[in-house]
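J.: got a structure for you, letters missing:
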């Protein structure tokens, strides 16, 4: 007799945090549930990760409306998993963006993943009757693309396979903040059903190469005063540094570190891959 997933019995509401992580940048988090990033430009708003249902997406929209009345023009999905994408219809965005590989995975296994996650995460799929169907992008890219939100430039890039074959990251250069989807998680192990273990470290290295910044990754549900750094060959000797960050909130979020790179870390808490770590101080953790 198979044992039920712990998530199947987790039906308690989670506390939502909506935290500013840079000028016009916010992280919507809920105690380890799938997260959403918010990027506010001069003219409109970009959402990173849509949530599992339109009902959950409206909670994000409510938070967004607390800080801006600009229209939501873009939804960027870092990969194809159902709990990240099926709420996209609620935003009314003119563009839904995925990598070309992620879009192909929607067609290949999107319904299968939906069925699986619906069974494993019943709380996240409350209100599922509103989901209009599989979320398909209006826009895809092969290696990368640039979106201008007025004068604010946002770079969307595919840096390699890791959590899935179609992972994308979103880089906001004016604030040096990066949203990495499930490539990086904070004190929470990554779901690995679509993982590419042989490529994951190289993808982290490619992420680190952006402006020669340190890579950050995560493996738990709360942010301490220092954030774990991936134990890649280059980071293995990184010493623990003193000095608290300027802010600390719950997991699933973004750490902005000197001198430049900040990585969004998502906390879905779905499986048990443990990675070693060194420690790097953060200026702000959300």
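T.: Now that the structure is in, tell me what you want to look at. Just so it is clear, the structure is predicted and the values come from calculations on it, not from any experiment.

J.: For the residue lying closest to residue 144 once chain neighbours are set aside, give me the pLDDT.
T.: Nearest residue to residue 144 in three dimensions, chain neighbours excluded: residue 157, at 4.2 Å (CB to CB, 6 or more residues apart in numbering). The C-beta positions use only the backbone N, C-alpha and C, and glycine is treated the same way. Looking at residue 157, its pLDDT stands at 96.

J.: And residue 33, by the same measure?
T.: pLDDT, residue 33: 84.

J.: tally of neighbours for the residue nearest to it when sequence neighbours are not counted?
T.: In space, and not counting its chain neighbours, residue 33 is closest to residue 14: 5.5 Å by CB to CB, 6+ apart. Neighbourhood size, residue 14 [other CB atoms under 10 Å]: 14.

J.: And residue 118, by the same measure?
T.: Neighbour tally, residue 118, other CB under 10 Å: 17.

J.: if I pick it, what's in contact with it?
T.: 82, 125, 128 (CB atoms under 8 Å, 6 or more residues apart in numbering).

J.: so how far is residue 117 from the last one?
T.: Residue 128 is 10 Å from residue 117, where distance means CB to CB, to the nearest Å.

J.: Comparing the two, which residue is more hemmed in?
T.: Set residue 128 next to residue 117 and count neighbours by other CB under 10 Å: residue 117 wins out with 22 against 16.

J.: Help me confirm that residue 169 comes into contact with residue 180.
T.: Yes. Under the criterion of CB atoms under 8 Å, residue 169 makes contact with residue 180 at 5.0 Å.

J.: any shared contact partners between those two?
T.: Joint contacts of residue 169 and residue 180 (CB under 8 Å, 6+ apart) are 78, 207.

J.: Mind checking which of the two has more residues around it?
T.: residue 180 (32 against 27).

J.: just to revisit the earlier point, burial measure for the residue nearest to residue 144, as a count.
T.: 20.

J.: Go through the lengthiest helix in the chain and flag the buried ones.
T.: When the chain is parsed with DSSP state H, its longest helix is helix 100-120. By neighbour count on 16 or more other CB atoms under 10 Å, the buried set for helix 100-120 is 101-106, 110, 113-114, 117-118, 120.

J.: Generate a markdown table for these, with pLDDT and distance to residue 139 as supplementary columns.
T.: Formatted as a markdown table, these follow (pLDDT from 0 to 100; distance: CB to CB, whole Å):
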| residue | pLDDT | distance to residue 139 |
| --- | --- | --- |
| 101 | 96 | 14 |
| 102 | 96 | 12 |
| 103 | 97 | 9 |
| 104 | 97 | 14 |
| 105 | 95 | 16 |
| 106 | 97 | 14 |
| 110 | 94 | 17 |
| 113 | 92 | 21 |
| 114 | 91 | 22 |
| 117 | 92 | 24 |
| 118 | 93 | 27 |
| 120 | 89 | 30 |
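
J.: Distance to residue 75 added to the residues you listed, as CSV?
T.: Output for those, formatted as CSV (distance: CB to CB, whole Å):
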residue, distance to residue 75
101, 18
102, 13
103, 13
104, 18
105, 17
106, 14
110, 16
113, 18
114, 17
117, 19
118, 21
120, 24
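
J.: Pick out whichever of the residues you listed sits closest to residue 67.
T.: Among these, residue 102 lies closest to residue 67 (CB to CB), at 28.4 Å.

J.: So for the closest one, what's the nearest residue that isn't a sequence neighbour?
T.: residue 166 (3.2 Å).

J.: Many thanks, I have nothing further to ask.
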